[in-house]
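Student: give me a model of this one.
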Amino acid sequence: MNRKAFLLGFFSIGGQVLLLRELVSSLNGDELFISTALFSWLGSVAIGSFIGGKNSFRSSSLLLLISGIIILPASIIAIRLSPVIIGLNTGEIISFVTAALISICMMLPTGLLSGALFSVITREGYRPAESIARVYLFEGIGAFVGGIIGTALVGSVFSTLSMAVAIGLTVIALYILIDRDRQIWIVGSLLLICLLAARFTIPLLDTRLDAIKYKSFGVGATFDTHYGHEIILDREDTVNLLTDNTFEASYPDPMIAENILIPPLIYRPDAKKILYIGRTELGIMQLADSFPNLKITAIDPRNQLTPELDKILSPSPNIQRIDDDPVAFFSRRNAITKYDIIIINSGEPDNYKNGRFLSEGFLITAAAFLVNNGILYIPSRYDSDRYLSPEKKELLSIIDNSLNKVFRHTIAWPGDMTLFFASNKPLFDLPQDSIIARSASLKYKAQFINADYLADRLQPMKTSRLEEALKSSTEINTLNRPTLIYRQAIYRSNTDSIDRKTIPLILNKQIWLIMLPALFLLIMILSIARRQKQRSYGLFLFFIAGFVSLSLELISFYVYQSSAGSLYSELGALIGVFMLGLALGTLVSLRMNKERLEYPALLLLLTSVIVYMATYADVHPRALLYYYLLFMFTIAIATGSLFVAAAGRYYYGRSESNRGLGYTCELLGSSVGALAPTIILLPIIGLHALLIAIAILLALSLVGAVLTG
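Tutor: Now for the predicted structure:
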């Protein structure tokens, strides 16, 4: 039983990480769908656990494992091809509701099997509470191993699809060793051969799938990194870089390149050092060669892209490439090296990975790396040359407000790309004829940023219309309230009739502030009011364990990524430590064999939340990873202990009870925790209020535990 539970955890968490990666990369890199996918995963595991816990359910653990091993890579292939299946063009944005439904549906099969397998394994033990806790323990250990191995290897050794095959082969080999007396070296040798085959043959299938997906292009290269799925496409002498199914850059595209590089040089024609956030190879590098005294330092973490792009476009000696996350780069260095211009070309703020570069905290950090009269420049992709919708006005206004919070002087240019400039010196008070004269004096003869183009672009009517639009909102994009990513979702909802009705209803309605607390209070009161209140409150504690632990886990992921910048490269360590903490908390609680374990467990959770609220904003950048590992480990230990306490309450003296019901309640709580806090409450009430609400919920749960004890 224990070894099978280990395999369950290894397969379950490994499969979950792979499905999440594939969903994010296929759904245009939008991390909001991590929450909808986890909601579906946990809900389906809960249903599977409940069904598998019924005495009438008959299936072997081997059959369920084999089914999962087949379904996992099939689900990844289905996710990869989902844009083609629903009829989208290459790089076209999937509507929010459609993407949410895809993320929900694609997690269901593997989740149902994982939940059923949990209950089937628990039935091999005699005492319900003890067997459930033991399966939970060894599942946590297996999940720790699977999370660490999976995240460490995907993007560096294996692609997402080949890792799914590798996990399946590993599970089969370990199951054979468990159930049969076989020589380890024979099974190990066969496993090694199969893993090598998966490593070198499955990427051919990856290329074939992308050729089907982007059939109107030639696929030059396709591979996974720690940060997403990268594809280099070519068509009619044009090179295109797609990141997570979204066009990131094309070459040649002189209009985009000129808009990104030349405008800040008009205000600082003497600039010699530029810090560029993004890839420079497709257009910026070639344009920069026209300015012989200009040196550009480009920061991007995807080092696997560098050799692939160098095969197509020869590198320039004027470009220094740094393979690092920009947030991590700034946090690790003192602002000794200063730059004349910093260009933030991070793409649309449709996910936390991009939106964090436009937050007040990051802008403050970036400002420290500018010289005294330096310019921070943001070439956004929002078209302000024509009609400005209310949603677009809000987005532009939030960006402008965030810049004004940090810099004393700002200005914005209208056009096909709305351009934002910021500085602490009055550099932008130039009349239109001076701007045109400076553009003409540059050593590069521009095709687009020239006299005729600028005279039209900077017409008083257009500039005054944009200035009026920038007054549309008073919101600022901050770590506490990341409003930009949610306003972007509302802005995009206008392209789809269903999204137009659904997204504002979810993200703008204050009714959630009444509905969600009322739901928790109702569940708590009903569990206390029942005749067997101690037992029924055990189910409520299962629910609270799931809700609080997953809410804090997702909050940690969000804050860590915004503060340290490299969530995906450390995701395995964070998840792995969390699962190890669950296992350790369960093991210690089982060995203690004491009543009322829910009291110290709830107190530890409450204390952890309070300490986190008081300290998370003041952690030194070099200590961030250790801080979050400790926080996740502490939360997990308390959750594991609370799970054992809840099992003891509900299953005491009831050996024939559904052994999947408690786990089902915990997973239902987790599914609500995956969706409500980060998707609904974070943009409405902010991070601080959200943490306070979780602390109040834990305090009330502790009071309820005392009343039902």
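Student: distance check, residue 695 against residue 187.
Tutor: As judged by C-beta to C-beta, to the nearest Å, residue 695 and residue 187 stand 49 Å apart. In this view, the C-beta of every residue, glycine as well, is placed from N, C-alpha and C.
Student: and for residue 525?
Tutor: According to C-beta to C-beta, residue 525 and residue 187 sit 54 Å apart.
Student: same question for residue 251.
Tutor: 49 Å.
Student: tell me which of those two has more neighbours.
Tutor: Neighbour tally, residue 251 and residue 187, criterion other C-beta atoms under 10 Å: the higher count belongs to residue 251, 22 against 16.
Student: who touches the more buried one in this structure?
Tutor: Counting by C-beta atoms under 8 Å, 6 or more residues apart in numbering, residue 251 makes contact with 238, 239, 240, 281, 282, 283, 286, 313.
Student: which two of the residues you listed have the greatest separation?
Tutor: 240 and 286 (15.5 Å; C-beta to C-beta).
Student: mind checking which of these two has more residues around it?
Tutor: residue 240 (21 against 17).
Student: ok so that one is a helix residue?
Tutor: No: per DSSP: H, G, I helix; E, B strand; the rest coil, residue 240 lies outside any helix segment and is strand.
Student: give me the element the nearest residue to it once chain neighbours are set aside is part of.
Tutor: In space, and not counting its chain neighbours, residue 240 is closest to residue 233: 4.4 Å by C-beta to C-beta, 6 or more residues apart in numbering. Applying DSSP states H and E as the criterion places residue 233 in strand 228-235.
Student: sheet-wise, list the partners of that strand with their directions.
Tutor: strand 218-225 (antiparallel), strand 238-243 (antiparallel) (DSSP bridges).
Student: go through these and pick out the most buried.
Tutor: With neighbours defined as mean count of other C-beta atoms under 10 Å, those peak in mean count at strand 238-243, which reaches a mean of 20.
Student: neighbouring contacts of that strand?
Tutor: Contact partners of strand 238-243, identified using C-beta under 8 Å, 6+ apart, comprise 29, 90-91, 214, 217, 220, 228-234, 247-252, 279, 282, 305, 309, 312-313.
Student: quick check: end-to-end length of stretch 79-95?
Tutor: 15 Å (C-alpha to C-alpha, to the nearest Å).
Student: in it, which residues are buried?
Tutor: 79, 80, 82, 83, 88, 90, 91, 93, 94, 95 (16 or more other C-beta atoms under 10 Å).
Student: in helices only, show me those residues.
Tutor: In this view, those that belong to helices under DSSP state H are 79, 80, 82, 83.
Student: where does the last one land on pLDDT?
Tutor: Residue 83 is assigned a pLDDT of 90 by the prediction.
Student: can you give me the buried ones in stretch 586-596?
Tutor: When burial is assessed from 16+ other C-beta under 10 Å, stretch 586-596 yields the following buried residues: 586, 587, 589, 590.
Student: same question for stretch 72-79.
Tutor: Neighbour-count burial for stretch 72-79, with 16+ other C-beta under 10 Å as criterion, is recorded at 72, 73, 75, 76, 78, 79.
Student: neighbours of the nearest residue to residue 534 once chain neighbours are set aside, how many?
Tutor: Excluding its sequence neighbours, the residue lying closest to residue 534 (C-beta to C-beta, 6+ apart) is residue 708, at 5.1 Å. Residues lying near residue 708 (other C-beta under 10 Å) number 20.
Student: what does residue 270 give?
Tutor: The number of residues near residue 270, taken as other C-beta under 10 Å, comes to 8.
Student: what residues does the nearest residue to it once chain neighbours are set aside make contact with?
Tutor: Excluding its sequence neighbours, the residue lying closest to residue 270 (C-beta to C-beta, 6+ apart) is residue 340, at 7.6 Å. Applying C-beta under 8 Å, 6+ apart, we find residue 340 in contact with 268, 270, 271, 272, 273, 274, 370, 371, 374, 375.
Student: out of these, list just those in strands.
Tutor: 273, 274, 370, 371, 374, 375 (DSSP state E).
Student: in a markdown table: these, plus neighbour count and distance to residue 661.
Tutor: A markdown table is the format used below for those (neighbours: other C-beta atoms under 10 Å; distance: C-beta to C-beta, whole Å):
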| residue | neighbour count | distance to residue 661 |
| --- | --- | --- |
| 273 | 18 | 63 |
| 274 | 28 | 60 |
| 370 | 22 | 59 |
| 371 | 14 | 64 |
| 374 | 26 | 61 |
| 375 | 27 | 61 |
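Student: go through those and name the one nearest residue 543.
Tutor: Of the ones in strands among the contacts of residue 340, the one sitting nearest to residue 543 (C-beta to C-beta) turns out to be residue 370, at 49.9 Å.
Student: from the rest of the structure, what touches whichever strand or helix holds residue 501?
Tutor: Using DSSP H and E, residue 501 sits within helix 497-507. With C-beta under 8 Å, 6+ apart as the contact definition, helix 497-507 has outside contacts at 95-98, 486, 489-490, 492-494, 679-680, 683-684.
Student: what comes up buried for stretch 311-329?
Tutor: Buried residues in stretch 311-329 (16+ other C-beta under 10 Å): 316, 318, 319, 321, 324, 325, 326, 327, 328, 329.
Student: residues in contact with that stretch?
Tutor: Outside stretch 311-329, the residues touching it (C-beta under 8 Å, 6+ apart) are 220, 232, 239, 251, 277, 280-282, 285-286, 288-289, 292, 294-303, 306, 356-357, 362, 365, 562-566, 569, 621.
Student: ok, back up a step: export the ones in helices among the buried residues of stretch 79-95 to JSON lines and tack on distance to residue 116?
Tutor: Formatted as JSON lines, those follow (distance: C-beta to C-beta, whole Å):
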{"residue": "79", "distance to residue 116": "22"}
{"residue": "80", "distance to residue 116": "26"}
{"residue": "82", "distance to residue 116": "25"}
{"residue": "83", "distance to residue 116": "31"}
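Student: now, among these, which is nearest to residue 629?
Tutor: The closest of these, once distances to residue 629 are taken by C-beta to C-beta, is residue 79, at 29.8 Å.
Student: my read is that that closest one contacts residue 26, right?
Tutor: Yes: between residue 79 and residue 26 there is a contact under C-beta atoms under 8 Å: 5.1 Å.
Student: common neighbours of the two, please.
Tutor: residue 102.
Student: now restrict the contacts of stretch 311-329 to buried residues only.
Tutor: Applying 16+ other C-beta under 10 Å to those flags 220, 232, 239, 251, 277, 280-282, 285-286, 288, 294-302, 356-357, 362, 365, 562-566, 569, 621 as buried.
Student: avg pLDDT for stretch 302-312?
Tutor: pLDDT averaged over stretch 302-312 gives 91.
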